[in-house]
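Visitor: Provided below for reference: sequence and predicted model.
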Amino acid sequence: MSPDVPSEIGGFDAEDAAPGTLNTGGQTSVSTEHVYHGRRDPTAPVGEECTVRVDTEPLDAQYDLLSASPSGFEWGYGGSGPAQLAIAILAHAYEDEFACEYYQQFKREVVAELPGDGWTLTTSDLDAWRREVTGDA
Amino acid sequence: MLERYFRLMRWWLRRWYPVFRWFGWVTGQEEYVERAIDVTEDNFERILEGDDE
């Protein structure tokens, strides 16, 4: 996990969540490090169990880019909720065009492998994944 | 018993996803196929979680 992850963010490590899919070894020239944090509350009302925050703010679902899951985000499998989460994360971290082109792959390789209870991803994790898929050095 | 059956069904159907994606590519309907796969996965997830109970 990135050393930039704030200490108050506990829970699951992205490398534990998707072993072999994320490499946090290198840093890129991103200007801002964000922390994406997902939590599942089984006691919450139906449709509100899954919450995803970027830093301290709720993550925008980006329904203008994709309207796959009106009920919000999901993770841990390869469905429409995970697709919505994938495009939301990528669109927040990168350009909309990149998000639209790669969200299905991101869903399969990362979001579907996230642990059910909760997870944490950082911009460094995303950069590492992006380098893998685009082949950038 | 039923849960095992549905897991077997999901496993078997997942074997076909590359074929579905190939048809989507051939017909130019990749997004349609991906949505169909997403909905299929959603349904299996709900079935196996017992959300309908």
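Guide: Okay, I see it.

Visitor: Give me the pLDDT for the spatially most central residue of chain A.
Guide: In chain A, the residue lying closest to the centroid (C-alpha atoms, centre = their mean) is A:I89, at 4.9 Å. At A:I89, the pLDDT value in this model is 97.

Visitor: mind listing the helices for chain B?
Guide: B:2-15, B:17-27, B:30-49 (DSSP state H).

Visitor: Get me the contact residues on chain B for chain A.
Guide: Applying C-beta under 8 Å from any C-beta of the partner chain, one finds that chain B approaches chain A through B:34-35, B:37-39, B:41-42, B:45. Using the backbone N, CA and C atoms, a C-beta is placed for each residue, glycine as well.

Visitor: So which residues of chain A form helices?
Guide: Assigned by DSSP H, chain A shows helices spanning A:14-17, A:80-93, A:96-109, A:123-134.

Visitor: got the contact list for stretch A:52-67?
Guide: If you take C-beta atoms under 8 Å, 6 or more residues apart in numbering or on different chains as the criterion, stretch A:52-67 is touched by A:34-39, A:51, A:69, A:72-73, A:83-85, A:87-89, A:91-92, A:96, A:99-100, A:103.

Visitor: Is it possible to mark the buried ones in these?
Guide: A:34-39, A:51, A:69, A:72-73, A:83-85, A:87-89, A:91-92, A:99-100, A:103 (16 or more other C-beta atoms under 10 Å in any protein chain shown).

Visitor: So which residue is smack in the middle of chain B?
Guide: Centre-nearest of chain B using C-alpha atoms, centre = their mean is B:T40, 3.5 Å out.

Visitor: Could you measure from the residue lying closest to that one once chain neighbours are set aside over to chain A?
Guide: Excluding the flanking residues, the one nearest B:T40 by C-beta to C-beta, 6 or more residues apart in numbering or on different chains is B:L13, at 6.5 Å. Distance, B:L13 to chain A, using C-beta to the nearest C-beta, to the nearest Å: 12 Å.

Visitor: Span of stretch A:106-117 from start to end?
Guide: Distance between the two ends of stretch A:106-117: 19 Å, counting by C-alpha to C-alpha, to the nearest Å.

Visitor: quick one: A:L121 from A:H37, how far?
Guide: Distance from A:L121 to A:H37, counting by C-beta to C-beta, to the nearest Å: 8 Å.
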